[in-house]
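Undergrad: need coordinates for the below:
(chains A, B, C, D, E and F)
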There are 6 protein chains.
Amino acid sequence: MQLAEMNWCQVAALSKDTPWVFPVAAVEQHGHHLPVYTDSLLLGEIVRRVEFAMEDRIVIAPLQWLGNSDHHLDFPGTVSAAPRTYLDLLGGMVENALMHGFRRIVFLNGHGGNDVPGRQAVFEARQRHRQRSDLLLLFATYWHLADLAAADAATFRQSQMGHACEWETSMILRLNPRLVGKIDSLETVEHRGAFEPASRAWITKDITAKGHIGEPSAATAEKGEVLFRTFAEGAVRMLERVVAWDGRSWKG
Amino acid sequence: MQLAEMNWCQVAALSKDTPWVFPVAAVEQHGHHLPVYTDSLLLGEIVRRVEFAMEDRIVIAPLQWLGNSDHHLDFPGTVSAAPRTYLDLLGGMVENALMHGFRRIVFLNGHGGNDVPGRQAVFEARQRHRQRSDLLLLFATYWHLADLAAADAATFRQSQMGHACEWETSMILRLNPRLVGKIDSLETVEHRGAFEPASRAWITKDITAKGHIGEPSAATAEKGEVLFRTFAEGAVRMLERVVAWDGRSWKG
Amino acid sequence: MQLAEMNWCQVAALSKDTPWVFPVAAVEQHGHHLPVYTDSLLLGEIVRRVEFAMEDRIVIAPLQWLGNSDHHLDFPGTVSAAPRTYLDLLGGMVENALMHGFRRIVFLNGHGGNDVPGRQAVFEARQRHRQRSDLLLLFATYWHLADLAAADAATFRQSQMGHACEWETSMILRLNPRLVGKIDSLETVEHRGAFEPASRAWITKDITAKGHIGEPSAATAEKGEVLFRTFAEGAVRMLERVVAWDGRSWKG
Amino acid sequence: MQLAEMNWCQVAALSKDTPWVFPVAAVEQHGHHLPVYTDSLLLGEIVRRVEFAMEDRIVIAPLQWLGNSDHHLDFPGTVSAAPRTYLDLLGGMVENALMHGFRRIVFLNGHGGNDVPGRQAVFEARQRHRQRSDLLLLFATYWHLADLAAADAATFRQSQMGHACEWETSMILRLNPRLVGKIDSLETVEHRGAFEPASRAWITKDITAKGHIGEPSAATAEKGEVLFRTFAEGAVRMLERVVAWDGRSWKG
Amino acid sequence: MQLAEMNWCQVAALSKDTPWVFPVAAVEQHGHHLPVYTDSLLLGEIVRRVEFAMEDRIVIAPLQWLGNSDHHLDFPGTVSAAPRTYLDLLGGMVENALMHGFRRIVFLNGHGGNDVPGRQAVFEARQRHRQRSDLLLLFATYWHLADLAAADAATFRQSQMGHACEWETSMILRLNPRLVGKIDSLETVEHRGAFEPASRAWITKDITAKGHIGEPSAATAEKGEVLFRTFAEGAVRMLERVVAWDGRSWKG
Amino acid sequence: MQLAEMNWCQVAALSKDTPWVFPVAAVEQHGHHLPVYTDSLLLGEIVRRVEFAMEDRIVIAPLQWLGNSDHHLDFPGTVSAAPRTYLDLLGGMVENALMHGFRRIVFLNGHGGNDVPGRQAVFEARQRHRQRSDLLLLFATYWHLADLAAADAATFRQSQMGHACEWETSMILRLNPRLVGKIDSLETVEHRGAFEPASRAWITKDITAKGHIGEPSAATAEKGEVLFRTFAEGAVRMLERVVAWDGRSWKG
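TA: Sure, this is the predicted structure:
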């Protein structure tokens, strides 16, 4: 169900065990060839497929396009919540759902930069409500929910998500090729820096001048469909576990 | 232009005098008969018409549906930023646009509850950048931008915006009647309390049990079209003045 | 009653229905011809007359002269709370009165710049105490409480409050002419900018070099007495409604 | 000079070496026998005498009556800034004076509870402006500025300031005996707890049920005059050193 | 070098390219059998070995034992910074090192709960100093810096770090067996919940009643030495890359 | 007892009346001749002696070396919490101990710069828990706990604590002479400025170029032993009063 189309009486009538899904993405530069709304477009399509599969077993809030993208701010068109504001924004959404009595709250994330603050935000929320034992607070980034490498290692040049990369470009090609600029001549940019597995703090221009990371020139619409299907299935599997949760235990 | 569809190079190529419009609305209860996304739907339609009229003279960011709606939180389905988070969220958007070099920043608002924090947020932003004399920071609520009463006093029962009222219900009827519940038997609820013109702080259930304020039973799709047209014209007039601004003066 | 002269036992003995009035004003530049304490002086006189009329039906806290005047900070002598500090300051006063058991809390305001943060502050306070249904939280700016135009349109050149203007200068002339500088040669400065009814964020020097807005050269002590009388009567009428309030309802 | 009576042009014309004095006090319970405005009344009288002595060598802001009095909040009538708000309020005043170009900023304090946050606030301000070497930021509590014991040990029962005590009651008796309730039967309450010189955190009702600390029954108006004279002289001596400061050195 | 033993002149004489290492750990419950200082003890030993290997090529600050352990607060003895305080604490340390002119700043972490806030903190720091291109800000958790599984899969029952587990218990046995309680009868507790790879927010008692996670009964002092050696070598390798960094590039 | 060596079950088994001691010090420049860890080393020795005397009558948390030392930040090697972070850090420690059920909480302080924020922090904590009457919250700086002057006035050149001075240098000489640089030629630096007893805000370089305040050249290891013994005895006396407290009263 889409929250957007419901009135408050319909929300009030839902089982409090209905999972409440907050899709969160970003508006930020995606290189010379993709629009700034890319992450939000892609997550929107994932959410559309998830909703089709889950029907009235979950309620889905409108997609929050304002993300944690300060690292991209040197590139015009990026709109980003400051780091602490983003923590407050996510934490506030948890409070809203709790106030309405819901207990299974899932952030479905479509932007890599949201991952750390998202986990920080649900950590903070769990501590604020530490006296409760009936809460399920999840933060899940869609491309972590499926093992693409296992399924399709032969197909893809990248083995993990980049930025405006083979994967994202493929999905936008599948969705709306009109929005994709020239990709043939775009060089491959590696994300992996010299200090992994230590986490190095970065801003985008430390790594890439054009704005993409990965191998966009390898993108095709066909790959895009594989990606959408794989990621949507992963999200559905996760949400089905949320629906099936016993309401108490750690093991599920 | 829609920012969402542009890539960063296209944004970088814009004149820094291009007005940057942030549409801001809400997701909150709208009575027994309208969906929680009402304010965002209505502003979305206003923005669609504005964009059609203004074309590439302005750039429009994606609509921010998360608003200042804590007063509605007793009604399930409301999703709202806490008051200070909302100030930070709006203030951060101003900073984003400034960082990209733009100087004419307009919040186009579609939710009454955003009005006071919105004016507070642009006040704060102006003070933060007090050394500058080339900024135009506006917060404009769409139904304040046109004198509906003068134009169509005979048509309407209400002379000002309510909540899930004659005006909003009419516009949703115009947009998507499938989303409107039964309105015939809904009583009229007056907003005006005993202490005006003093500002009394309220939560929604102080005033209304069902959630609407005003006279939804008087709504028609025809009125909805009049409202959309009038409000969109008002917004366009305002934005044309922004385009025409001399870049320095108070008088325009 | 003046809180300042009471001891705590006398406060403890008051009915919890006694309205608690917090006068709030400012210390900020008022042009070449008026002192920085102008807003506080004028509100002080209004409060004096209100207290005379209301006697022991209300309790009045000392006047808080520190206001939201950051927009005037380019002019020496302005002392102003930063925007968030001002919100905290007002919100804290509400908490103080609530802690002492009072339920009818009225900010009586004498500075235009306090209006938006004042309404934000009482909004925030109402949300913090949303479980209560017995609170009356008001923010009232004194010149909004009386319809001067209706009463005396012929007398006045201005139809609304400016800054160090016909109205304020007249009232200081009535109160203490020694504090008023030369006004004959002061030009008229219009406040209205090019973008109303959109709210444009400003700092004072955007509008006026000398610091006044309006028509101070039209001021007379006689007009000042009319203004004091009219505004004090408006405040008294509002406070009598507060006293008469039934303790529960929105309509009063 | 009183800032309140000056216009901004007069402030602008002052030497930037003019000391800027912010009197800060409190509104809080003062036992069964003194009004809540006691600290502000007393500081007001000190300031009046200081101004008489210093004339145009210093500029004095209006007295800020809102202090750090949360420890007294269990007693009705206390109005207090929350601890962090009070730090922000004081720090903001320093910023205001700095913005206007002044360099010698003195808080003249009349409330014991302001002492620790006041020193914290000037500490924070000095760190914020660490690149400067021309600042003099002082926080001074009036009864610390004179050695009363040395001068008049024979006269007084108390050797240090209490609360609504011999000293404060004497000064209010000197100022306005009408404001003083019955004191003959008030018992003596010692402040000194069991853990000094360790600082023990307290709220007032930990120590006193009536609200006073010290020996109010020993108060006389004659003692009050001695106290006012002694403390005002101490404040004047300190301010004369501020005027005489060489503008750079630690030693003065 | 240990910062603790240096005086400020010695620090001032260092090359600004010297890596500055902040060891960060925790004080929190570690089950029935290990002391609350376990994470700090273990990191202390890693740091000791790292210092021995790196000598004067790095400067090491004192170990900060106050960590992000609010999830353990239901177990007595845990001392933890609140989540936002911890972000501020880490961010402030970065600012300190930057203020002293250093550019290579490494948090060497010994507590799993510090990982997300640590990465958030260095992200925030990088954004604050986005104009710089000469910074290396790393957050590294020691057991991520070596591939123990590859080296010693046969030896260990666990393939990743738990809490008061085979690994940590082994290392404390190696360090100070006197501090280890009875471990034979401790059951194995799995960390992995039902929703991975989604991140589920948790407090410790969601997972374990005794407080350990993993298989402490498999611990031996011999394993402890293997772990210390492996992890210290991993940390040294990482720090040697920091020393060798060219001062500009992402690739190292 | 040292908290560090206890497991959570042992902490849970303690009487809730056991005093909980948080030693707090600093890492900051200490002149040309002492290491930055000086305050922490000295407090560590005091704590060691206190623990020896008090045995299992108190529980002592690990020493927190991160202090309020922003005033020393112009000297490399200083690591300091920003002022508000330090307040949060101390306040959070109080909350931790309260959460575990303890009621007698003592900060034992070894850095002058911690004194004002420490008193502010315990003040704030007492207000947060104002409904309780069973709390003992103390902030105690070790050199205030003994009257050295009375005991040994003949021995010492200084009558109060400086910084890297006769007293501190003597104690480091007693503890670890290897850490002390050349002291013979160090000049005497007076702390006392021109405005005492007013509190003047300062940064260290306002007062001293080398970084010490006081008379380090007078230091001897023998004096160091006297100081350690005197201060440790003072701390023990204070803590014995804490143990003996009746659990309710102000007088002890």
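Undergrad: wait, what's in contact with residue A:64?
TA: With contact taken as CB atoms under 8 Å, 6 or more residues apart in numbering or on different chains, residue A:64 is in contact with A:22, A:23, A:24, A:25, A:89, A:93, B:65, B:66. From N, CA and C alone the C-beta is placed, and that goes for glycine too.
Undergrad: how about residue A:74?
TA: Applying CB under 8 Å, 6+ apart, we find residue A:74 in contact with A:203, A:204, A:205, E:130.
Undergrad: by mean pLDDT, point me to the weakest helix or strand of chain A.
TA: Of all the helices and strands that make up chain A, helix A:148-152 has the lowest average by mean pLDDT, DSSP states H and E, namely a mean of 71.
Undergrad: re earlier: include neighbour count when you put the contacts of residue A:64 into CSV, please.
TA: Shown next, in CSV, are the contacts of residue A:64 (neighbours: other CB atoms under 10 Å in any protein chain shown):
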residue, neighbour count
A:22, 23
A:23, 23
A:24, 29
A:25, 27
A:89, 26
A:93, 23
B:65, 28
B:66, 25
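Undergrad: okay if I get the residues you listed as TSV plus pLDDT?
TA: Shown next, in TSV, are those (pLDDT from 0 to 100):
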residue	pLDDT
A:22	98
A:23	98
A:24	98
A:25	98
A:89	98
A:93	98
B:65	98
B:66	98
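Undergrad: so of these, which ones are in strands?
TA: Using DSSP state E, A:22, A:23, A:24 are the members of those that sit in strands.
Undergrad: all strands for chain A, in order.
TA: Using DSSP E, strands in chain A cover A:20-24, A:59-60, A:104-109, A:136-141, A:199-200.
Undergrad: right, and these - which one's nearest residue A:218?
TA: Closest approach to residue A:218 among the strands of chain A is made by strand A:136-141 (21.9 Å; CB to CB).
Undergrad: who touches that closest one?
TA: A:19, A:94, A:103-110, A:112, A:114-115, A:118-119, A:121-122, A:125-126, A:235, A:238, A:242, A:245, E:195, E:197-201.
Undergrad: what strands line up against it, and which way round?
TA: strand A:104-109 (parallel), strand E:199-200 (antiparallel) (DSSP bridges).
Undergrad: check contacts around residue A:148.
TA: For residue A:148, the contact set (CB under 8 Å, 6+ apart) comprises A:156, A:159, A:227, A:230, A:231.
Undergrad: do I have it right that the third one meets residue A:169?
TA: It refers to residue A:227. No: in this structure, residue A:227 is not within contact of residue A:169 by CB atoms under 8 Å, at 10.3 Å.
Undergrad: more neighbours: which of these two?
TA: Neighbour tally, residue A:227 and residue A:169, criterion other CB atoms under 10 Å in any protein chain shown: the higher count belongs to residue A:169, 31 against 28.
Undergrad: give me the low-pLDDT residue ranges for chain A?
TA: For chain A, applying pLDDT under 70 flags the ranges A:149-151, A:153, A:252.
Undergrad: which residue does it bring closest to chain C?
TA: Using CB to the nearest CB, the closest approach of chain A to chain C is made by residue A:99 at 10.0 Å.
Undergrad: from residue C:124, how far out is the closest residue to that residue other than its chain neighbours?
TA: Once flanking residues are discounted, residue A:99 sits nearest to residue B:73: 5.6 Å by CB to CB, 6 or more residues apart in numbering or on different chains. When distance is defined by CB to CB, to the nearest Å, residue B:73 is 13 Å away from residue C:124.
Undergrad: before we move on, what about residue A:186?
TA: Taking CB to CB as the measure, residue A:186 falls 49 Å from residue C:124.
Undergrad: returning to that earlier point: would you turn the contacts of residue A:74 into CSV with neighbour count and distance to residue E:249?
TA: Listed next are the contacts of residue A:74 as CSV, based on neighbours: other CB atoms under 10 Å in any protein chain shown; distance: CB to CB, whole Å:
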residue, neighbour count, distance to residue E:249
A:203, 21, 14
A:204, 24, 15
A:205, 16, 12
E:130, 17, 17
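Undergrad: which one of the residues you listed is nearest to residue A:213?
TA: Closest to residue A:213, out of all of those and judged by CB to CB, is residue A:204, at 8.1 Å.
Undergrad: anything in stretch A:184-193 near chain E?
TA: Yes: on the criterion CB under 8 Å from any CB of the partner chain, stretch A:184-193 is in touch with chain E at A:190, A:193.
Undergrad: start to end distance for that stretch?
TA: 25 Å (CA to CA, to the nearest Å).
Undergrad: report the distance from it to the chain centre.
TA: 22 Å (CA atoms, centre = their mean, to the nearest Å).
Undergrad: is residue A:176 in contact with residue A:41, as I believe?
TA: Yes: contact criterion CB under 8 Å: residue A:176 and residue A:41 qualify, at 7.4 Å.
Undergrad: in terms of neighbours, single out the busier of the two.
TA: Neighbours were counted for residue A:176 and for residue A:41 using other CB under 10 Å; residue A:41 has more, 25 against 13.
Undergrad: setting aside sequence neighbours, what's the nearest residue to the more buried one?
TA: Closest to residue A:41 by CB to CB, 6+ apart is residue A:175, at 6.2 Å.
Undergrad: so how far is chain F from the residue of the stretch 51-200 of chain A found nearest chain E?
TA: Per CB to the nearest CB, residue A:194 is where the stretch 51-200 of chain A lies closest to chain E, at 2.3 Å. Noted for residue A:194: a distance of 27 Å to chain F, by CB to the nearest CB, to the nearest Å.
Undergrad: what's the burial count for that residue?
TA: For residue A:194, the count of nearby residues is 17 (other CB under 10 Å).
Undergrad: one more: residue A:197?
TA: Close neighbours of residue A:197, defined as other CB under 10 Å, add up to 13.
Undergrad: wait, it sits on residue E:143?
TA: No: if you go by CB under 8 Å, residue A:197 and residue E:143 don't touch, sitting 10.0 Å apart.
Undergrad: residue A:226: neighbour count?
TA: Neighbourhood size, residue A:226 [other CB under 10 Å]: 19.
Undergrad: show me where chain A has its helices.
TA: A:8-12, A:38-54, A:83-99, A:115-128, A:148-152, A:166-175, A:221-244 (DSSP state H).
Undergrad: list the buried residues in the last one.
TA: By neighbour count on 16 or more other CB atoms under 10 Å in any protein chain shown, the buried set for helix A:221-244 is A:223-224, A:226-228, A:230-236, A:238-239, A:241-242.
Undergrad: how about the residue of the stretch 101-250 of chain A found nearest chain F, nearest residue that isn't a chain neighbour?
TA: For the stretch 101-250 of chain A, the residue positioned closest to chain F under CB to the nearest CB is residue A:130, at a distance of 10.0 Å. Closest residue to residue A:130 apart from its sequence neighbours, by CB to CB, 6+ apart: residue E:203 at 5.2 Å.
Undergrad: hang on, isn't that neighbour packed against residue A:125?
TA: No: assessed by CB under 8 Å, residue E:203 is found out of contact with residue A:125, at 11.1 Å.
Undergrad: I figured residue A:60 hits residue A:18, correct?
TA: No: using CB under 8 Å, residue A:60 makes no contact with residue A:18, being 10.6 Å away.
Undergrad: neighbour count for the two, which is higher?
TA: Neighbour totals were compared for residue A:60 and residue A:18, and residue A:60 leads with 22 against 19 (other CB under 10 Å).
Undergrad: count of neighbours near the closest residue to the more buried one other than its chain neighbours?
TA: With sequence-adjacent residues excluded and distances taken as CB to CB, 6+ apart, residue A:60 is closest to residue A:21, at 4.7 Å. The number of residues packed near residue A:21 is 26, by other CB under 10 Å.
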